[in-house]
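> what's the 3D shape of this:
(2 chains)
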Number of protein chains: 2
Amino acid sequence: MTKITSTKSETIKRLKRLMTKKGRQETGQFLVEGEHLVDEAIRAGRLVQLIMAESYAPKGTWRLEDMPVLELSDHVADLLSETEKTQGVFAVVKMTPVERKMKKVLVLDRVQDPGNLGTMIRTADAAGFDTVLLGKGTVDPFNAKVVRATQGSLFHVNVTSVDLLEKLPELKEDGFHVYGTALSKATSYEQVAFEDKVALVIGNEAQGVHNDVLSLCDTRVYIPVLGDAESLNAAVAAGILMYRIALQ
Amino acid sequence: MTKITSTKSETIKRLKRLMTKKGRQETGQFLVEGEHLVDEAIRAGRLVQLIMAESYAPKGTWRLEDMPVLELSDHVADLLSETEKTQGVFAVVKMTPVERKMKKVLVLDRVQDPGNLGTMIRTADAAGFDTVLLGKGTVDPFNAKVVRATQGSLFHVNVTSVDLLEKLPELKEDGFHVYGTALSKATSYEQVAFEDKVALVIGNEAQGVHNDVLSLCDTRVYIPVLGDAESLNAAVAAGILMYRIALQ
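Model (predicted):
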């Protein structure tokens, strides 16, 4: 097992490039941090390399002899961390898409906040949605904050970037009913009988779904605000609607 | 109008103390940042002092002549900001509780993440809940990240810190039905006919509701996970349950 002790090593430079969108796109790989996410990557068969700080005691179920393992001095491992207190374990992971039959699809139009995107992917997984489609202008799903907020659901759900103006007509042709969230000309969600093959479109945190996208939706829905709040957080709104669709 | 140009001024030191929990508790005041939150504070009659960077152009509807206003050089204003790009407008605000008749109450047991707490207060407001009770060990609701995530709902909903082991029995005596979220011995939420006077208990992000608190609940509910996710984000779970209660 190699052990890296210098912060200036070429290996560290290569790994740090995975902390940028460009580096991830060039390699088709991304970096995950923390025992839970590393474990999910291993179980998904997506591990390229396991990376451990010397003070980290690996999870007992991992068969280290079967994996490429890289050991780092603790101060070198700190360079790869994007959390306040690192657990000292990371993995380089393949960006291979998760193959799932499409039936319940969450569609995101320019969602900006990494925590929101990660939480939406996690909730889609929990609500039995199989696919999350990301329109142009949505934050990179392999960004460390997004990956962390998914809590591993990035390995369970098919997350794919698309052009919504091309993809939504295809989905409709394929028998999907497309629901878009909107504030005007919309029906309160609890009065809608959702179809079986569903695409649910959630928009940008401040601006909602773009008009060009909204005009491709079959039905517009909204969540009524009963108090004095101006709106709901986008990830909470997505959760309320996905669970309504899943359990109606 | 006074204008502060030195980062070392006593006024700045006083304002910076409001960025700490101790400073807020000693003064009964907190700091909000951004035009929307400042506007909410003014409309709620809670403004102590309006603070503007010299480059900030105040919102046209504000009657500046009726308010104590403090102007700061831009580089001084930066010291008060907890956002990446400050709008350059702040307010010192009174911690006065919002008085609301209690009927729909969200109860939080040791919620740790400021974004989650703020989002839950915002969602409680949207779902028509009037009160959010915070048990010991919950993050300070006047923390800047919490305040920002509430998007102003902190001024609409009664947010109060309590001892849950004392408060839940009082609520029950007062006719509230207390629902606790739990993974075992619990009923799926969509099979529950929620009572009219509701207290809904949401727990810590990793550990859920403490057993001592759970034993005071009348009914245990859970949100089923249909996919491969291990759990839901706490703020999303709270949103799904509050909207179910509000619109059942």
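> what lies in contact with the least confident helix or strand in chain A by mean pLDDT?
Here the helix or strand of chain A ranked lowest by mean pLDDT, DSSP states H and E is strand A:2-4, holding a mean of 84. If you take C-beta atoms under 8 Å, 6 or more residues apart in numbering or on different chains as the criterion, strand A:2-4 is touched by A:T11, A:I12, A:E54, A:L70, A:E71, A:L72, A:S73, A:V76. Using the backbone N, CA and C atoms, a C-beta is placed for each residue, glycine as well.
> contacts only, for the third one.
A:E54 sits next to A:K3, A:E71, A:L72, A:S73, A:D74 when contact means C-beta under 8 Å, 6+ apart.
> please apply the same query to the fourth one.
Contacts here follow C-beta under 8 Å, 6+ apart; on that basis A:L70 touches A:M1, A:T2, A:I4, A:T11, A:Q49, A:L50, A:I51, A:M52.
> can you get me a residue count around A:F90?
Number of residues near A:F90 (other C-beta atoms under 10 Å in any protein chain shown) recorded here: 27.
> next one: the one 3 residues further on
By the criterion of other C-beta under 10 Å, A:V93 has 25 neighbours.
> same check, this time on A:A238
Neighbour count of A:A238, defined by other C-beta under 10 Å: 29.
> looking at the helix or strand containing it now, give me its mean pLDDT.
Per DSSP states H and E, A:A238 falls inside helix A:234-247. For helix A:234-247, the mean pLDDT works out to 98.
> quick one: is it near chain B?
Yes - Helix A:234-247 lies within reach of chain B by C-beta under 8 Å from any C-beta of the partner chain, at A:A235, A:V236, A:A237, A:G239, A:I240, A:Y243, A:A246, A:L247.
> that older thread, buried ones among the contacts of A:L70?
A:I4, A:Q49, A:L50, A:I51, A:M52 (16 or more other C-beta atoms under 10 Å in any protein chain shown).
> could you dump those into CSV with secondary structure and distance to B:G175 added?
Output for the buried ones among the contacts of A:L70, formatted as CSV (DSSP: H, G, I helix; E, B strand; the rest coil; distance: C-beta to C-beta, whole Å):
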residue, secondary structure, distance to B:G175
A:I4, strand, 64
A:Q49, strand, 59
A:L50, strand, 56
A:I51, strand, 56
A:M52, strand, 56
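> A:E82: which of those residues is nearest?
For the buried ones among the contacts of A:L70, the closest approach to A:E82 (C-beta to C-beta) belongs to A:I51, at 13.7 Å.
> now do the same contact list for A:M52.
Counting by C-beta under 8 Å, 6+ apart, A:M52 makes contact with A:P58, A:V69, A:L70, A:E71, A:L72, A:A77, A:G88, A:V89, A:F90.
> distance of the spatially closest residue to the last one that is not a sequence neighbour from A:Q25?
For A:F90, ignoring the flanking residues on the chain, the nearest one in space by C-beta to C-beta, 6 or more residues apart in numbering or on different chains is A:I51 at 4.1 Å. Summarising the geometry, the distance separating A:I51 from A:Q25, computed by C-beta to C-beta, to the nearest Å, is 21 Å.
> next: A:S153.
According to C-beta to C-beta, A:S153 stands 22 Å off from A:Q25.
> what about the closest residue to A:I245 other than its chain neighbours, distance to A:L241?
Closest residue in space to A:I245, ignoring its immediate chain neighbours: A:F194 at 4.7 Å, by C-beta to C-beta, 6+ apart. Noted for A:F194: a distance of 9 Å to A:L241, by C-beta to C-beta.
> more crowded one of those two?
More crowded of A:F194 and A:L241, by other C-beta under 10 Å: A:L241, with 26 against 18.
> roughly how far apart are the more buried one and B:Q151?
Note on A:L241: its distance to B:Q151, by C-beta to C-beta, is 19 Å.
> cool, A:P169 as well?
For A:P169, the distance to B:Q151 equals 35 Å [C-beta to C-beta].
> quick one: which of the two has more around it?
Neighbours were counted for A:P169 and for B:Q151 using other C-beta under 10 Å; B:Q151 has more, 22 against 12.
> for the more buried one, which non-adjacent residue is closest in space?
Excluding the flanking residues, the one nearest B:Q151 by C-beta to C-beta, 6+ apart is B:R122, at 5.2 Å.
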